[in-house]
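> I need the structure of the sequence given here:
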Amino acid sequence: MAENGWSRHENGGRDGGGREKGGKGAILRIRDLHVYYGESHAIQGIDLTLPSGVLAIVGRNGMGKSTLCNTITGLKRARSGSIAVAGREISGLEPHEISRVGVGYVPQGRRVWPSLTVDEHLKLAARGGRDAAWTVDRVYQTFPRLAERKSNGGSQLSGGEQQMLAIGRALLGNPRLLVMDEPTEGLAPIIVDQVERMLVELGEEGEISILVIEQNIGVATRVAAEVGVMVNGRIARLMPAAELAHDRDLQQRLLGVGRHADDPEESLAPAAVEAAEERLAEVYRIVRPGADEGTSGGSDWRTASSVPNRWDLTDAELGRSVRTAPRLVASAEPETAKLFDVPVGERYGRTALVAGTFDTKGRELVYLRDQLRAVGIRTRTVDLSTSGKPSSADVPPQQVAGAHPRGASAVFNGDRGRAVAEMAVAFEHWIVRQRDIGGIISAGGSGGTSLATPGMRRLPVGVPKVMISTVASGDVGRYVGPSDILMLHSVADIQGLNSITERVLANGAFALAGMIARQPTAADRAKAARTAKPALGITMFGVTTPCVQQLTARMSADYDCLVFHATGTGGRAMENLADSGLLAGAIDTTTTEVADMIVGGVFPATEDRFGAFIRRPLPYVASVGALDMVNFGPRDTVPEAFRRRNFVIHNPQVTLMRTTRDENVAFGRFIGERLNAMQGPVRFLLPEGGVSLLDQAGKPFHDPDADAALFETIEKTVTQTGNRRVVRVPGNINDPSVSEALARAFEEIATPLKMRA
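Purely as a prediction, here's the structure:
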C-alpha cells in the first residue's frame, strides 16, 4: 500500500496484543462510528484509518459523506464510536476544541462572511504568529488572486475566489488534518486544476494529511493513491485510485458518475441503457441471518419499478448489496460473533453504555468498550469524572453535569466530595432522558461504584446492568437497592490492566453482551404483550407464607403474581416495578418493614414506603402482615436497650422481637398518613385474629392489646372515602377466609383495569 494510503479494519483488525493494526501513529483513526438524524441511521459503523497523506472518498449524494465531515469536525455529534486525531480522542469535543487539536475544515459551499474583506477573513483565522507554517503571506503566495482581491468583501468574490478563501482560512489554523467537503464543486476547470495541484503538493510535503470528499472522479483519483466508495453510510469498497481512474466502465458501474471535469457531455452508453431496461423485471430477495437459502426466510420480495438511473449500484458490482446486507454482514463475522449478531432493524435500543471516571479508570473502561465492540455490540462511553480534565468519552462530564437540576455548576463546585455526590445526581437525571440504552456497565472502586449505580437503579428492571467493583464482595445493598444490578467482584484493584483485571473485565463485558444480544425482539415483545397477564405485586414474609400461597393460587388465573420477600429491599423492589409502570396493582399483605424502620431492625423500609402508590393511582390492597415483630441478627447482636423484650430465635442468624403497644401506635400513624396521600382505589384489611403465624392464640407473640392499638390507630388516622376504606375481617392473617377477603377486595377495585388488560 502506498505511503499516503489508508486502511480499513473489520472483524479481527487487531494483533495478538489487542492493538489496532495500522492505527498507531495515524493522523486519523475512526472506529465503529454511528451517526443518526432522529432515527435515521446516516453513518453505519464506519472504520477508517488515514496514516498520512491524502485520502479521497467518493459517493453519490445522500450517502453520508458530508455527515462524516461534520462529525469529524464536531458539527454533528455521533451516537457512538471513536474518532482520534494523532492519537487523541475528539468525538466528545466541541468544534472549537477540535480545531485547536489540529483539524481544519473546508465546508461544502465555502461559507465565507459576506461583510468581511479577504484580508479580514485571513487575519481573523491566522493562528501561530510569524513562525507558523501557514501565514497570511503564504496564503497570498499560494493563491495570488486573493492578494489582488484582499480588500474585497466575501460577497464580491466569485465562486472560485470564495473557495480559495475557504481553503486559505482553514490552512491558517495550521492543521495536522485538513477535511475538505466537495472542494471543487462549481469551480471552473482552471481553478479545479489549481486546487488539485495544491492538494498534491500538500500531500507530498507531509505537513498536512487531507481527507477529501469529492464527486469529481478525476480530481479524487489524481490527488490520492486510494479511493473509498461510500454507500448508505458505509465504506463499501476500497480500491487503488489508478484502477478507478483508467476504467470508465468501472466508474459508471460503481458510482454512476463520470469524470465531469473532463467529459461534461458524458451519458450512458446504449449497452448500459439496454441493460437497465432488462433490470426492470429483475426481482431482489432479502435473505435474513438464519434463513435457508431456498426459502424467503419471512422476507419481502421487491421488484424494480423504474429504469435505474445513473447512480444505481448492482449486487455484483459492489460485491455486497444493500438489499442483502443483513445476510452478508452476518457472514462476514467470525462464527463466535454470531452468538451476538443483532439484526439491523433491532439494534435501536441495544446500545451499551460504558460509564465511569475516565480520568482515573480510562484504560479499563476503554478495554470494556473494546470487548463489547469485538462481539458486535454498539457502545457509548459516558464520563462521570469531576476533575475537569479533558475527556475522550462520547459523552463528556460537562454534558452529564448539565442534566443536574441546578446545572453543571452544582457538580463542578470545587469540593471533591460534594462534586462526586452531585455528579451521581446529575447522572440519574441524564440517564432517564436517553432512549437507546440496551444495557450499562461500569468499573471502579467505592467512589466509582457510588457514582454509577444510582443511575443504574433509575433504569427499568430488565435493562441489563453490570457493575464491576472492588466492593462487590461485601454488603452491596446500598449500591444495588431494589434494582437488578449484577455486581461482579473485581478481585484485584481496578488500577491498570493485568492478567486478572483483563479477564474479569472481559467476563463482565461478555455477560452484558449476552444479555443485550438476547433481549426480546420487537416481534417477541409484541407477542408477549398480547398474551401477558397483568402483573400483581404481593409481599410476603415467612410468617405470612400461608396467606400468600392461598392468594397466588386464587389470583394466578387472571394475574401474573410477583411475590416479594419483605426484607427491606422486597418492598422497595415491588414499588420500583410500580414506579416503572410494570404492575397492574398490588396486594401488599406484609408491611413488616415499617416496624424495622421505626424501631431499628435489620430489614427496614425507607421513608418512601408506599410512595409508588402515592405517585401512581394503582389499585392497592394491603394489610398489617408481620407488624408484630422487629428483625435482628444473631441474639447477641440485639441492642442492649431491648434485652428485657419478648424474643423468638427464628434461626441462628435471625432473632425476632415482639412489638409493643406504643410501637404499634407509631406504625399505625405512619401507615395511615401514607394511605391518605394515595389517590387511587385503596382497601386496607385488619385481621382481628392476629397478624402473623406467631400472633395466633397460644403462640409466643399473641398480644391482643398491641394489635388493638395498631388497628384503632389506623382507623382513626385514615380519612375514609368511597375510594379509600379500612376493613376489619375476622380470623388470623393466614386463615383462608382472610386471603379470600384480600382477593375479593382487589377484584372489587381492579375489575375495570383487569378488563382493559
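> Look up how far P634 lies from the nearest residue to P639 once chain neighbours are set aside.
Using Cβ to Cβ, 6 or more residues apart in numbering and skipping residues adjacent in sequence, the residue nearest P639 is G600, 7.1 Å away. In short, each C-beta sits where N, CA and C put it, glycine included. Per Cβ to Cβ, to the nearest Å, G600 is found 16 Å from P634.
> Pull the contacting residues for A42.
Residues in contact with A42 (Cβ atoms under 8 Å, 6 or more residues apart in numbering) are 35-36, 64, 67, 233.
> three-state assignment of it?
Put simply, A42 is strand when judged by DSSP: H, G, I helix; E, B strand; the rest coil.
> Check D47 too.
strand.
> right, and it touches G81 too?
No: applying Cβ atoms under 8 Å as the test, D47 and G81 come out as separate, 9.0 Å apart.
> Touching both of the two, which residues are there?
30-33.
> sorry, back to before: just checking, the residue nearest to P639 touches V630?
Yes: between G600 and V630 there is a contact under Cβ under 8 Å: 7.4 Å.
> Would you mind telling me which of these two has the busier surroundings?
V630 (28 against 13; other Cβ atoms under 10 Å).
> who are the neighbours in contact with the nearest residue to the more buried one once chain neighbours are set aside?
Closest residue in space to V630, ignoring its immediate chain neighbours: G601 at 4.1 Å, by Cβ to Cβ, 6+ apart. Residues in contact with G601 (Cβ under 8 Å, 6+ apart) are 595, 630-632, 657.
> What distance do you get for L486 to T381?
Taking Cβ to Cβ, one finds L486 at 20 Å from T381.
> Those two: who's more crowded?
Shown here are L486 and T381; by other Cβ under 10 Å, T381 has more neighbours (27 against 17).
> For E673, which non-adjacent residue is closest in space?
Nearest non-adjacent residue to E673 (Cβ to Cβ, 6+ apart): T717, at 6.2 Å.
> Shouldn't K389 be within a helix?
No: counting by three-state DSSP, K389 falls outside a helix, being coil.
> going forward, begin numbering at 25 instead of 1
Let's use 25 as the start, then, which means that last one is K413.
> thought it was touching G386?
No: using Cβ under 8 Å, K413 is not in contact with G386; the gap is 9.8 Å.
> between those two, who's got more neighbours?
Shown here are K413 and G386; by other Cβ under 10 Å, G386 has more neighbours (19 against 12).
> Against L408, how distant is that one?
12 Å.
> And Y583, by the same measure?
In terms of Cβ to Cβ, Y583 sits 40 Å off from L408.
> okay, those two: which has more neighbours?
Neighbours were counted for Y583 and for L408 using other Cβ under 10 Å; L408 has more, 31 against 26.
> Surely that one is in contact with F451?
Yes: between L408 and F451 there is a contact under Cβ under 8 Å: 5.9 Å.
> any common contacting residues for these two?
Common neighbours of L408 and F451 (Cβ under 8 Å, 6+ apart) are 379, 424, 475-476.
> from the residues you listed, which ones fall inside helices?
Among the shared contacts of L408 and F451, DSSP state H puts 424, 475-476 in helices.
> Report the contact partners of N94.
Contacts for N94 (Cβ under 8 Å, 6+ apart) come out as K100.
> Could you point out the helix or strand that follows the host helix or strand of it?
Using DSSP states H and E, the element containing N94 is helix 89-96. Counting by DSSP H and E, the element after helix 89-96 in chain order, helix or strand, is strand 104-109.
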